[in-house]
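Peer 1: just coords:
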């Protein structure tokens, strides 16, 4: 009996010490990371343009469950608006593309830890995110939208019934926006598009807030849904992102997007991947060509 | 380590920990109940039911909780069975835990030698008394280690609830990483809170285990 | 019979992809098991050493690994390691590391349990017969231990295969993620696919684990 207590107390103490050790590791690292982001290259987690070219493969983070922007078709091939551009990017770089499936909440993390070279996962540019990663010039317009069932169309978020919840995907701009502007609305959070849509279809919540592009696509693809709030929050853009400080790659992507503008590449992308869903009506309002946002 | 961040989101973790514990405890209680029923059915060899129990035990023990939850939460509504995420978590945990508990109780019951039963009857006890004074005390002390291990196992398994959008500890950490990019702090709080929940259970468990070893017959 | 959406699996290469997803999970568990078995045996033997310090270290390791949910360990290694140590691990490598850490702890505990369950007189008798320490282990203790261990370690394999379903959460495209992708790509044509596809995933996991469970039970009966 006595012996046992001694052991368990020791175990407790040492486990605590271990947890503290973890903290220490973490804090010392935090300092390093902070200096690293100011002084690019001192702690490079990313691969430069030359390193990528040399390796012959670029790792691009895309969604695998966000139809029609990034998804996997029945033959196991990645498809969608983001993917179409990712393939072109690899082609122009002269390297193979290795698609890495990502979830919304992981996008920054993947760049900060060098798990991917570029994120092309419908990544909305925000000031907060721009402190963590470097955005290239945009290739798409976006705002937020809210979709709901036909029999209970949500057209406003004011005077919200506290018993109802809204589905959001963890790590998206919709989540940040609702937390900041409508803190009283209960959120039902999911970690992937697949699970969020599944739950929305199953009637878990009265509405789903996301990029308006995505909710419009959902309402168009699935019967019985209406986008009651087509535009919420500010008008934003979607752009490729690279790890903070990876200027060689960033500059190359910026030049690439500018030159793609001359051949109207993103219009072709739209027609190949999005026209089936949206028709051609949204083409000019969604597509950003050559990295230049035209005033709307 | 950003202590301001930790202080700010501590309440969120507390809430998440409470949810983890709440669903964990309710789920485990149902698992124990289910386990008792199944063990009794197998011990008394109830016809038909024992085969159903046997199939259930195999299905439950040989599939991951995550897959069970996906099936229940995302699949079942397609055939008209809808449950809230909380209910689904409890159902999933009870479905998984029931078979583990059943095995623990059954092995405890089976470890009691038939001669004990026979001796007790020859001493003039009725079957209720045999169960109450002879079988159960011994069976319990034999099954305690497995029982304790199961409780810890099931509490740990609650970490997959995040997959069905329950705002448990795991989801909170993941969400905060996605929202504020504070990976180190979020993971630190995650570890601390799981230790706070699981370490006491583990220590109390080992204490109980030692206490209950009195029935080590002939050892 | 309502449409349960199983037919989506017969479109394109969907079924094959699902099986490949299962194989990803199996591969992670097989590699992890192969590494953690020998390590676990080593740890288990070391834990019976009568050195307090060694014992304490292994005890803390064991307690921490066994008390933390595997998902938490996966997150720490996958997201934490890059930040703390500057390693850049793929989801697969991170999974193998976590499963080896966990498998070694579990295996170590099983080995320790099996070793101390060997009655003391076995050691004493073999010493009396003039066996050296190594001979004692080689000819007396290990053969007996192995018999007790094999069924238990096969059970560990089952648990590991089941636990690999968690790697979905750190971005490894395994069976559950493929299932989600299939459901997503066919949302319009088969709205009920979630039932059928997850049912098939459930069944496939069952058939991946069940043979091991049966084998463990058979061996246990045979040797006890």
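Peer 2: Noted; the coordinates are in hand. What you see is a predicted model, and the numbers here were worked out from it, not measured in a lab.

Peer 1: C-alpha from now on. contacts and neighbour counts both.
Peer 2: OK.

Peer 1: do stretch C:47-64 and chain B meet?
Peer 2: No - remark: stretch C:47-64 sits outside contact range of chain B, by C-alpha under 8 Å from any C-alpha of the partner chain, the gap being at least 8.5 Å.

Peer 1: Give me the most central residue, chain C.
Peer 2: Centroid-nearest residue in chain C, with C-alpha atoms, centre = their mean: residue C:160, separated by 2.3 Å.

Peer 1: Do I have it right that that residue meets residue C:101?
Peer 2: No - counting by C-alpha atoms under 8 Å, residue C:101 is not a contact partner of residue C:160; they are 11.8 Å apart.

Peer 1: dump the residue contacts of the residue nearest to the centre of chain C.
Peer 2: Residue C:160 sits next to C:29, C:99, C:103 when contact means C-alpha atoms under 8 Å, 6 or more residues apart in numbering or on different chains.

Peer 1: which one of those residues has the most neighbours?
Peer 2: Within the contacts of residue C:160, most neighbours by other C-alpha atoms under 10 Å in any protein chain shown means residue C:103, with 29 neighbours.

Peer 1: Tell me where the chain has helices.
Peer 2: By default, I'm working from chain A. A:2-38, A:49-55, A:81-93, A:107-112, A:127-130, A:173-181, A:193-201, A:212-221, A:247-262, A:265-273, A:275-278, A:283-286 (DSSP state H).

Peer 1: that's the wrong chain, I wanted chain B
Peer 2: For chain B, the helices defined by DSSP H cover B:3-43, B:49-61, B:65-70, B:85-111, B:114-122, B:127-129, B:136-157, B:169-180, B:183-211.

Peer 1: try chain C
Peer 2: Listed in chain order, the helices of chain C (DSSP H) span C:14-47, C:52-67, C:70-75, C:81-85, C:91-116, C:120-128, C:133-135, C:142-163, C:175-185, C:193-223.

Peer 1: How about the fifth one, which residues are buried there?
Peer 2: Using 16 or more other C-alpha atoms under 10 Å in any protein chain shown as the test for burial, helix C:91-116 gives C:91-92, C:94-115.

Peer 1: Does anything pack onto that helix? Which helices or strands?
Peer 2: Judged by 3 or more C-alpha pairs under 8 Å, 6 or more residues apart in numbering or on different chains; DSSP states H and E, the packing partners of helix C:91-116 are helix C:14-47, helix C:52-67, helix C:70-75, helix C:142-163.

Peer 1: any weak-confidence spans in the chain?
Peer 2: All of this refers to chain A. Within chain A, the ranges that satisfy pLDDT under 70 run A:1-44, A:295-296.

Peer 1: switch to chain C, that's the one I care about
Peer 2: Where chain C drops to pLDDT under 70, the residues are C:1-2, C:86, C:224.

Peer 1: one more time with 80, if that's ok
Peer 2: Counting by pLDDT under 80, the ranges of chain C that qualify are C:1-5, C:50, C:81-89, C:188, C:223-224.

Peer 1: what's around the nearest residue to residue A:83 once chain neighbours are set aside, how many residues?
Peer 2: Closest residue to residue A:83 apart from its sequence neighbours, by C-alpha to C-alpha, 6 or more residues apart in numbering or on different chains: residue A:70 at 5.9 Å. Other residues near residue A:70 come to 24 when the count uses other C-alpha under 10 Å.

Peer 1: what is residue A:70 paired to in the beta sheet?
Peer 2: On the basis of DSSP bridges, residue A:70 is bridged to residue A:66.
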